[in-house]
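[1] this is a predicted model, with the sequence first.
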Amino acid sequence: MPPSGTSRVRLLGGIDELRAVRRQWIDLARRALEANPFYEESFLMPLLEHRGWIAGLRVAVVAEGERLIGLLPLVRRSIAPGGWPPLWRSAFAPDQPHGFLATPLLDRDRAATALATLLDALDRGMFGTGLLELFGYADDGPCARLLQATLTDRRQPHQPLDGWRRGLFRPQRCFESYLQSCLEPKRIRELRRQRRRLEELGPVRLRRLAPDEPFEAWCEHFLAIEKAGWKGRKGTALASRADDAAFFRAMCAQRHREGRLLFEALELGDRPISLSVALLAAGEPSAAFVFKITHDESMRTFGPGVLLEYVQFEAYHAEKGPIHWADSCTGQGREHLDRLWAERRHLGHLLIAPRGLGGSAVLASFRAALGVRRATEGAVDRARRSLARLYRQR
């Protein structure tokens, strides 16, 4: 493993400190070992500028001279009431209100050094006496493989926790074989029937924001349709908060200028009935990460949200691009929404302790508490099953 003596970690605690490394940050995203647009400057800076600095946030940056080789936003939190054990958690929704991936940005040529430097800082106590919690990172890519190898090589105390899976799209030989790989024939027939019923009302098409087309109307359509639906009624739509809407407009403006914003709409005539906005990665522009999707609830009998995914995937197969793979970015417990996504990616959850007796003791205590909780939950589940069997026998 390359020595980490010439690299150093800084914890940035304010917007001005981030602005000072903006150019190096943009360069790092282009060189990243693994794509994560939610940690790119064109996403995180508009978020913080319009939402304000997130409570407890620090952005860990690893630098060699003027060059950034690693970046990981962290939020101070604890697992149990009373603040124990203290830990720094990779920023992920809801700690970061709109970020749906926590894979760190690591320079592809200096990734091992960047990771070792970050773990050295943990060992030295830069993060206090607490743990480092990686939550919601891609557990199926080069960063995860490097992380596991590094932890093993360093004999760094760590504890894997339960992660989750979500949808991944990758084109297959043809769209028909793709559908058959993820849906039952009955469901495929139902989707086609819904599409034909919709076409009876007028022409139906997929439209994509063009590189030289103004983006503003797309933003406003999205904000209005989302606010008119259930998210608006719950107060969680982007347009429900002025600062959220301002962030969305600013983020879209910057990414559109850079050619890394993918707005697509399912239109009935000239009317968008469902829209999605995806982020294209700086270093891998054929990789899309679905940030938000919304639909007109007055058309819900036609399933416009799923139909949008249907026509998107159909188009990606026919065009042989522009998307080579896409992450659905759905949250925990929402994998059922990804029925049309043929593959799955795994999101990891990992606790890492400093090397030494203190870190090992904290992790051992946590493991013991985790074992008690799982045993209790198992006993409750067994009791519930027994009661259910008794009820059925009556």
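    All right, it came through fine.

[2] buried sites along the lengthiest strand in the chain?
    The longest strand of the chain (DSSP state E) is strand 67-80. By 16 or more other CB atoms under 10 Å, the buried positions in strand 67-80 come out as 68-77, 79. For every residue, glycine as well, the C-beta is placed using N, CA and C.

[3] right, and the helix or strand after it?
    strand 84-90 (DSSP states H and E).

[4] now that following strand: how far from the chain's centre is it?
    Counting by CA atoms, centre = their mean, to the nearest Å, strand 84-90 is centred 20 Å from the centre of its parent chain.

[5] could you list the residues in contact with it?
    58, 72-79, 95, 102, 104, 127-137, 351, 362, 365-366 (CB atoms under 8 Å, 6 or more residues apart in numbering).

[6] quick one, it and strand 67-80 angle?
    Strand 84-90 and strand 67-80 are oriented at 140 degrees to each other (axes from the mean of the first three to the mean of the last three CA atoms, to 10 degrees).

[7] what strands line up against the longest strand of the chain, and which way round?
    Strand 67-80 has its sheet partners listed here by DSSP bridges as strand 57-64 (antiparallel), strand 84-90 (antiparallel), strand 105-106 (antiparallel).

[8] avg pLDDT for that strand?
    For strand 67-80, mean pLDDT rounds to 88.

[9] out of the buried residues of strand 67-80, which comes closest to Arg205?
    Pro73 (38.9 Å; CB to CB).

[10] rewinding a little: filter the contacts of strand 84-90 down to just the buried residues.
    58, 72-77, 79, 95, 102, 104, 127, 130-137, 351, 362, 366.

[11] show me where the chain has its strands.
    Under DSSP E, the chain gives strands at 8-12, 57-64, 67-80, 84-90, 105-106, 131-138, 158-169, 204-208, 261-268, 271-280, 287-295, 325-327, 343-352.

[12] CSV please, covering the ones you listed and showing distance to Asp244.
    Listed next are the strands of the chain as CSV, based on distance: least, CB to CB, whole Å:
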stretch, distance to Asp244
strand 8-12, 23
strand 57-64, 17
strand 67-80, 18
strand 84-90, 22
strand 105-106, 24
strand 131-138, 20
strand 158-169, 23
strand 204-208, 24
strand 261-268, 17
strand 271-280, 14
strand 287-295, 11
strand 325-327, 22
strand 343-352, 24
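
[13] mean pLDDT for those strands: which is lowest?
    strand 84-90 (a mean of 82).

[14] that strand: which residues count as buried?
    Per 16+ other CB under 10 Å, strand 84-90 contains these buried residues: 85, 87-90.

[15] fine by me, we can end here.
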